[in-house]
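Colleague: whatever this is, show me its structure:
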Amino acid sequence: MAGEFAFIDALRAIATAPGARALTDDAAVLSIGGETLVLTLDTLVEGVHYLAGDPAGDVAWKLVAVNVSDLSAKGATPLGCLYSHALGEDDWDRAFLAGLDAACRDFAIPLLGGDTVRMPDGSARSFSLTALGTGRKDCVVPCRTAARVGDRVWVSGTIGDAGLGLAAASGTLDGLAAHVAALAARYRRPMPDPRFGAALAPLVHAMMDVSDGLLVDAGRIAQASGVGITLNAEAVPLSHALRAVAGGSLEARLAAMTAGDDYELLFTAPPGHTALIREAARALGRQVTAIGTVGEGSGLSLLHEGRPVPLPERLGYQH
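Modeller: As a prediction, the model looks like this:
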């Protein structure tokens with residue numbers, strides 16, 4: 001068995017319940033007593049998902065945020081969470097709990113319980129969180145498999161900040177201090193908004209969050225939906241800080257589109273919903289950008305100013 005994708009394919013033989021959605025999504029969906037329950041789990045591992053020197057409060061914040069991002073992509077309102085904590089030094093753990101409290105309050109997701117463990121000396125620590133949310137009653141829970149030919153492809157926010165933010169947090173990014181700090185903050189403290197996911201849910205066909213990179217995640221929607229997706233590189237939104245540090249060239253855009261940890265919403269919707277999508281974004285102070293189209297065929301293709309661009313060998317992060 002070679003790699004993450006092969007392992008997930010093998011798991012599909014076990015996860016056969018309808019709520020598992022054939023493991024084609026980032027969340028499970030259960031119908032219980034007239035309510036739709038959305039469940040998701042993410043793990044942060046030291047040295048893989050966060051740096052050993054990252055502030056403990058930021059690690060806790062990110063642990064909550066990445067799970068809330070998955071709920072948002074399903075249009076779900078946070079209901080509560082459970083988490084597993086690998087115990088360490090007392091001061092670090094206290095700072096972690098302060099960050100956890102702040103994140104749970106900010107995202108309105110109560111802590112319901114969990115587990116504590118002690119890792120062997122010298123081991124990298126890991127933290128897992130299971131988030132629960134409730135889906136809207138007036139629409140189906142969005143998935144990756146429902147993109148339709150003729151849809152527009154949209155993304156919220158800006159792309160690539162966290163990729164440069166990792167370099168900023170590592171101390172290897174040159175640039176104006178304010179820009180470097182802004183990028184590091186995007187890496188350490190993602191800001192998903194489940195209210196926006198819930199507002200978009202009735203308007204979209206397919207939706208997921210951008211966690212491993214825009215290109216690889218767009219390719220996942222294309223594969224799961226059995227369609228072709230074409231993205232326009234020049235349309236992909238870049239922040240002022242990213243442009244100031246890296247510029248807006250095609251090379252910089254490809255780097256942004258293959259970076260992970262953006263935790264923005266990637267979705268497809270019929271062109272007739274354009275005005276409603278923009279209205280929902282304005283109402284919540286969010287940014288949305290149309291970046292491509294869904295067509296016949298399969299897989300992902302990329303254009304830049306109308307000309308085909310070869311896909312990079314690496315489309316995004318993979319374990």
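
Colleague: the helices in the stretch 101-250 of the chain, which residues?
Modeller: Remark: helices assigned in the stretch 101-250 of the chain by DSSP state H, counting those that start in this stretch are 161-170, 177-188, 194-200, 214-225, 240-246, 250-258.

Colleague: can you redo the ones you listed as CSV with distance to Gly150 and mean neighbour count?
Modeller: Placement of C-beta: from N, CA and C, glycine included. Conversion of the helices of the stretch 101-250 of the chain to CSV gives the following (distance: least, Cβ to Cβ, whole Å; neighbours: other Cβ atoms under 10 Å):
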stretch, distance to Gly150, mean neighbour count
helix 161-170, 31, 24
helix 177-188, 33, 20
helix 194-200, 18, 23
helix 214-225, 12, 23
helix 240-246, 31, 20
helix 250-258, 23, 20
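
Colleague: can you redo those as JSON lines with mean pLDDT and distance to Lys74?
Modeller: Formatted as JSON lines, the helices of the stretch 101-250 of the chain follow (pLDDT from 0 to 100; distance: least, Cβ to Cβ, whole Å):
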{"stretch": "helix 161-170", "mean pLDDT": "92", "distance to Lys74": "21"}
{"stretch": "helix 177-188", "mean pLDDT": "94", "distance to Lys74": "23"}
{"stretch": "helix 194-200", "mean pLDDT": "97", "distance to Lys74": "7"}
{"stretch": "helix 214-225", "mean pLDDT": "96", "distance to Lys74": "14"}
{"stretch": "helix 240-246", "mean pLDDT": "96", "distance to Lys74": "28"}
{"stretch": "helix 250-258", "mean pLDDT": "96", "distance to Lys74": "23"}
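
Colleague: can I get the ones you listed in JSON lines including distance to Thr268?
Modeller: JSON lines is the format used below for the helices of the stretch 101-250 of the chain (distance: least, Cβ to Cβ, whole Å):
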{"stretch": "helix 161-170", "distance to Thr268": "23"}
{"stretch": "helix 177-188", "distance to Thr268": "24"}
{"stretch": "helix 194-200", "distance to Thr268": "11"}
{"stretch": "helix 214-225", "distance to Thr268": "7"}
{"stretch": "helix 240-246", "distance to Thr268": "25"}
{"stretch": "helix 250-258", "distance to Thr268": "17"}
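
Colleague: Asn67: which of those is closest?
Modeller: Nearest of those to Asn67, taken as Cβ to Cβ: helix 194-200 at 10.5 Å.

Colleague: what are the contacting residues of that closest one?
Modeller: In this structure, residues lying in contact with helix 194-200 by Cβ atoms under 8 Å, 6 or more residues apart in numbering are 68, 71-78, 107, 133, 136, 142, 156, 207, 265, 267, 269, 277, 280-281, 283-284, 286.

Colleague: from the residues you listed, list just the buried residues.
Modeller: Buried members of the contacts of helix 194-200, counted by 16 or more other Cβ atoms under 10 Å: 68, 71-78, 107, 133, 136, 142, 156, 207, 265, 267, 269, 277, 280-281, 286.

Colleague: centre of the chain to the helix-or-strand element of the chain with minimal mean pLDDT, how far?
Modeller: Every helix and strand of the chain was ranked by mean pLDDT, DSSP states H and E. The lowest is helix 3-11, at a mean of 79. What separates the centre of helix 3-11 from the centre of its chain is 20 Å, taken as Cα atoms, centre = their mean, to the nearest Å.

Colleague: low pLDDT regions in the stretch 1-150 of the chain?
Modeller: Counting by pLDDT under 70, the stretch 1-150 of the chain contains low-confidence ranges at 1-2.

Colleague: quick one, strands of it?
Modeller: 28-32, 35-45, 77-87, 111-118, 126-134 (DSSP state E, counting those that start in this stretch).

Colleague: among those, which is nearest Ala147?
Modeller: It's strand 28-32; of those, that one is closest to Ala147 (Cβ to Cβ) at 17.7 Å.

Colleague: looking at the helices of the stretch 101-250 of the chain, which is nearest to Glu35?
Modeller: Comparing the helices of the stretch 101-250 of the chain under Cβ to Cβ, the one sitting nearest is helix 194-200, at 14.4 Å.
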